[in-house]
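Peer 1: Sequence unavailable; structure follows:
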């Protein structure tokens, strides 16, 4: 819970470099396995910092099956940063993973 809270605070403060540092530190320094919620936080950090393409690339490089929350996070920042092509990919993934959603 602590790393999730820390990453969330860094995201809302716009501290991209510090967010990346702590995300990488989880394994390197603390031997904590990252979970989807940690990746969602880093995707949010990157995207809020205007690095939407990097956030999208990170999702593609994730080594585990990611859920709809990852794509919703990316989609929401695509709207804010007017990244329509990436947003279209994210929207398709959201609908693919959650077809029942209106």
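Peer 2: Arrived safely. None of the values given here were measured: they were computed from a predicted structure. Numbers count the residues shown, from 1 in each chain.

Peer 1: Spit out the contact partners of the residue most central in space within the chain.
Peer 2: Geometric centre of the chain, nearest residue: residue 43, 2.0 Å, by C-alpha atoms, centre = their mean. Taking C-beta atoms under 8 Å, 6 or more residues apart in numbering, we find residue 43 in contact with 55, 58-59, 70, 73-74. Every C-beta, even on glycine, is put in place using the N, C-alpha and C of the backbone.

Peer 1: List only those of the residues you listed flagged as buried.
Peer 2: Buried subset of the contacts of residue 43 (neighbour count, 16 or more other C-beta atoms under 10 Å): 55, 58-59, 70, 73-74.

Peer 1: what's the farthest-apart pair in the residues you listed?
Peer 2: 58 and 73 (11.0 Å; C-beta to C-beta).

Peer 1: Turn the contacts of residue 43 into JSON lines, columns for secondary structure, distance to residue 29 and pLDDT.
Peer 2: JSON lines is the format used below for the contacts of residue 43 (DSSP: H, G, I helix; E, B strand; the rest coil; distance: C-beta to C-beta, whole Å; pLDDT from 0 to 100):
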{"residue": "55", "secondary structure": "helix", "distance to residue 29": "23", "pLDDT": "96"}
{"residue": "58", "secondary structure": "helix", "distance to residue 29": "20", "pLDDT": "92"}
{"residue": "59", "secondary structure": "helix", "distance to residue 29": "24", "pLDDT": "93"}
{"residue": "70", "secondary structure": "helix", "distance to residue 29": "25", "pLDDT": "95"}
{"residue": "73", "secondary structure": "helix", "distance to residue 29": "25", "pLDDT": "93"}
{"residue": "74", "secondary structure": "helix", "distance to residue 29": "27", "pLDDT": "95"}
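
Peer 1: now, among the residues you listed, which is nearest to residue 15?
Peer 2: Using C-beta to C-beta, the contacts of residue 43 come closest to residue 15 at residue 55, 15.3 Å.

Peer 1: picking up where we left off before, and the buried ones among the contacts of residue 43, which is closest to residue 27?
Peer 2: So of the buried ones among the contacts of residue 43, ranked by how close each gets to residue 27 (C-beta to C-beta), first place is residue 58, at 15.0 Å.
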